[in-house]
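1. Structural data only, the sequence is not supplied:
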């Protein structure tokens, strides 16, 4: 079975999601806190009574009744799966017509079908809009009968079939069989601490929805040596400190212990309930992956209960299980990178519409985003989860620009150093911005605002004009040739050099000022009139200054010393950086 799509109506933050397509392997939900990710996943909690939680909209009058909650699943189910569930019953009833008779059972149980199953408030309250015909006959033109089949439990087959003219609400077991297939193979793992290390021998044949009977299920898994060894190896792969999972039967109870010592001494094993957060979830998730031929595994925020490295290892393991269908929610870029999802769903709270809205990206879109970002030296981690990303000229700007953000800034901003920014803008600037124009800018992975900050260095006036035009307002150039032109402050440089090299006459503020005046003209920037220190090649000038004034004892380290000088200027002469601060403010608009 696969869940092809889900539709959530009047449930928590969802008014009507419409049909949301899921991939056959990995689908990932992303979105900010309180956007509706957990509500989306809770819609898949099909075991036990479904508790309606109607959507409350600001568009409804206060006190007005909200529509009933309805969760609809579009399922692809093989007929053999339905038959396997039917064989656990004593008898089943299926709608038919006289012309089909008992043949309707063969049609249901031998072919693959797409079914829409609706879940409503209450216990086992499943409905199917296609009933009673399910596309197999015309219920409006023919009287509907009931095919009642008795199950031969010993022979594991359908036995005697009686056709009766009675057809009532309780004479159609197809919705219950379809729901049985769905509920038995769907597992939801929440982002909370699990205390599932000990349980009774409950005799159940499947893992409980909250995994509370995991010890008993692992005890049963021991009967299959091959699968148990696979489970043990995968646990150690995800959590290398764990050497073995021990299952102990104690009277009518079973307990899980974790062995982390290579000596395998029993007295050094730790009960699972005393282990750290996330260990129990890993065991339960891997049990389902190993024990079930096909399952729907739903994980809420795996990065919230696992270390990032363990999260990556778990997801790398799960990708090997092609027979399972996975649905995850996350805040973390590394989860997207590790899962390489075929489908990415962005959830956002729309205050005006008073509901959660959904944007979907295919796996091809995600690969396109990853490839395109790679063209400018960025990764998903650089851009995912931010309100605004500013691509800057290099690592010095990446380190220093955040120091210059306005006080009280509440926007989540990341500054990302571009790779070979000069080549990108000096040849075909349109190609750079086409990355964002051709579908990437609308991706759920990217923030709503992207900006570019470039140096003037190495670009002619025409090239700068081409970049600004191609960027459509997303790019700005520093007013001076480069960032280092804002660091030629004699007092700040004197403080830095004397801290590095000790007190010296040639590194006093006056001496540094004279040195700059005497040397800046030797280092012009191509295409820019070199009329003052503000227009020279300041990076080269600083490199030579450090060599000469310290007699090569210290070299100019652009990032480290850039940060030092910027911090000193902000504390001691902030107005000196007013022009640079104004440039950064303009990028944030």
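-> Now that the structure is in, tell me what you want to look at. Since this is a predicted model, take the numbers as computed values, not measurements.

2. mind listing the strands for the stretch 101-250 of the chain?
-> 113-119, 126-127, 145-152, 157-164, 186-189, 198-200, 244-250 (DSSP state E, counting those that start in this stretch).

3. now for the ones you listed, which one comes closest to residue 391?
-> Relative to residue 391, the nearest member of those by CB to CB is strand 186-189, separated by 37.0 Å. Glycine gets a C-beta too; all of them are placed from N, C-alpha and C.

4. For the closest one, which outside residues touch it?
-> Strand 186-189 is touched from outside by 3, 41-42, 44-47, 207, 209, 211, 281, 284-285, 288, 295-300, with contacts defined as CB atoms under 8 Å, 6 or more residues apart in numbering.

5. do that again at 10 Å, thanks
-> 1, 3, 41-47, 73, 206-211, 280-282, 284-285, 287-289, 292, 295-302, 305, 324-325, 327-328 (CB atoms under 10 Å, 6 or more residues apart in numbering).

6. which SS class is residue 503?
-> The assignment at residue 503 comes out as coil when based on DSSP: H, G, I helix; E, B strand; the rest coil.

7. hang on, the earlier thing: out of the strands of the stretch 101-250 of the chain, deepest packed?
-> Burial of the strands of the stretch 101-250 of the chain is given as mean neighbour count (mean count of other CB atoms under 10 Å); strand 186-189 ranks first at a mean of 23.

8. now that one: how far from the chain's centre is it?
-> Strand 186-189 has its average C-alpha position 17 Å from the chain's average C-alpha position, going by CA atoms, centre = their mean, to the nearest Å.

9. element containing the closest residue to residue 86 other than its chain neighbours?
-> With sequence-adjacent residues excluded and distances taken as CB to CB, 6 or more residues apart in numbering, residue 86 is closest to residue 92, at 5.1 Å. Remark: residue 92 resides in strand 91-96, with elements defined by DSSP states H and E.

10. Quick check: buried residues in that strand?
-> Applying a neighbour-count criterion of 16 or more other CB atoms under 10 Å, the buried positions in strand 91-96 are 92, 93, 94, 95, 96.

11. can you tell me which of the residues you listed lies nearest to residue 81?
-> For these, the closest approach to residue 81 (CB to CB) belongs to residue 92, at 14.2 Å.

12. hang on, the closest one packs against residue 104?
-> No: taking contact to mean CB atoms under 10 Å, the distance of 11.3 Å between residue 92 and residue 104 leaves them out of contact.

13. which stretches of the protein have low pLDDT?
-> Counting by pLDDT under 70, the chain contains low-confidence residues at 122-123, 167-170, 362-368, 370-376, 378, 380-381, 384-385, 420-448.

14. show me what contacts residue 571?
-> Applying CB under 10 Å, 6+ apart, one finds that residue 571 lies in contact with residue 492.

15. Which of the helices or strands spans it?
-> Using DSSP H and E, residue 571 maps to helix 558-572.

16. which of the residues in that helix are buried?
-> 558, 561, 562, 564, 565, 566, 568, 569.

17. which neighbours do residue 92 and residue 104 share?
-> 147, 149, 161, 174.

18. what bridges to the third one?
-> Judged by DSSP bridges, the bridge partners of residue 161 are residue 149.

19. from what I can see it touches residue 145, true?
-> No: with contacts counted by CB under 10 Å, residue 161 stays clear of residue 145, the gap being 11.5 Å.

20. Give me the common contacts of these two.
-> 94, 96, 101, 104.

21. Now the two most distant members of these.
-> Looking across the shared contacts of residue 161 and residue 145, with CB to CB as the criterion, the two at the greatest separation are 94 and 101, at 10.9 Å.

22. what's around the nearest residue to residue 547 once chain neighbours are set aside, how many residues?
-> If you skip the residues right next to it in sequence, residue 547 has residue 555 as its closest partner in space, 6.7 Å away by CB to CB, 6+ apart. Neighbouring residues of residue 555 were enumerated by other CB atoms under 10 Å; the total is 12.

23. likewise residue 128?
-> Residues near residue 128, counting by other CB under 10 Å, number 18.

24. and residue 166, how many neighbours?
-> Other residues near residue 166 come to 11 when the count uses other CB under 10 Å.

25. Spatially nearest residue to it (excluding sequence neighbours)?
-> Spatial nearest neighbour of residue 166, chain neighbours left out: residue 146 (5.7 Å); criterion: CB to CB, 6+ apart.

26. Report the separation between that neighbour and residue 180.
-> With the distance defined as CB to CB, to the nearest Å, residue 146 ends up 19 Å from residue 180.

27. Which residue, other than its chain neighbours, is closest to the residue of the chain positioned farthest from its centre?
-> Going by CA atoms, centre = their mean, the residue of the chain most distant from its centre is residue 505, 57.6 Å out. When the adjacent residues along the chain are set aside, residue 505 lies closest to residue 511, with 6.4 Å between them (CB to CB, 6+ apart).

28. I figured that neighbour hits residue 504, correct?
-> Yes: Residue 511 lies in contact with residue 504 (CB under 10 Å); the separation is 8.5 Å.

29. what is in contact with the two at once?
-> Common neighbours of residue 511 and residue 504 are listed as 494, 497, 549 (criterion: CB under 10 Å, 6+ apart).

30. Who wins on neighbours among the residues you listed?
-> Each of the shared contacts of residue 511 and residue 504 was scored by neighbours using other CB under 10 Å; the highest score is residue 497's, at 23 neighbours.

31. Just give the closest residue to that one, not the sequence neighbours.
-> Using CB to CB, 6+ apart and skipping residues adjacent in sequence, the residue nearest residue 497 is residue 507, 4.3 Å away.

32. need the contact list for residue 327.
-> Taking CB under 10 Å, 6+ apart, we find residue 327 in contact with 3, 6, 22-23, 26-29, 40-41, 44, 186, 188, 296-300, 341, 343, 345.

33. do that again at 8 Å, thanks
-> By CB under 8 Å, 6+ apart, the residues touching residue 327 are 22, 27, 28, 29, 41, 44, 296, 297, 298, 299.

34. partners of it in the sheet?
-> Per DSSP bridges, the residues bridged to residue 327 are residue 27, residue 298.

35. so how far is residue 356 from the closest residue to residue 37 other than its chain neighbours?
-> Of all residues not flanking residue 37 in the chain, residue 329 sits nearest, at 4.1 Å (CB to CB, 6+ apart). Between residue 329 and residue 356 the distance is 13 Å, computed by CB to CB.
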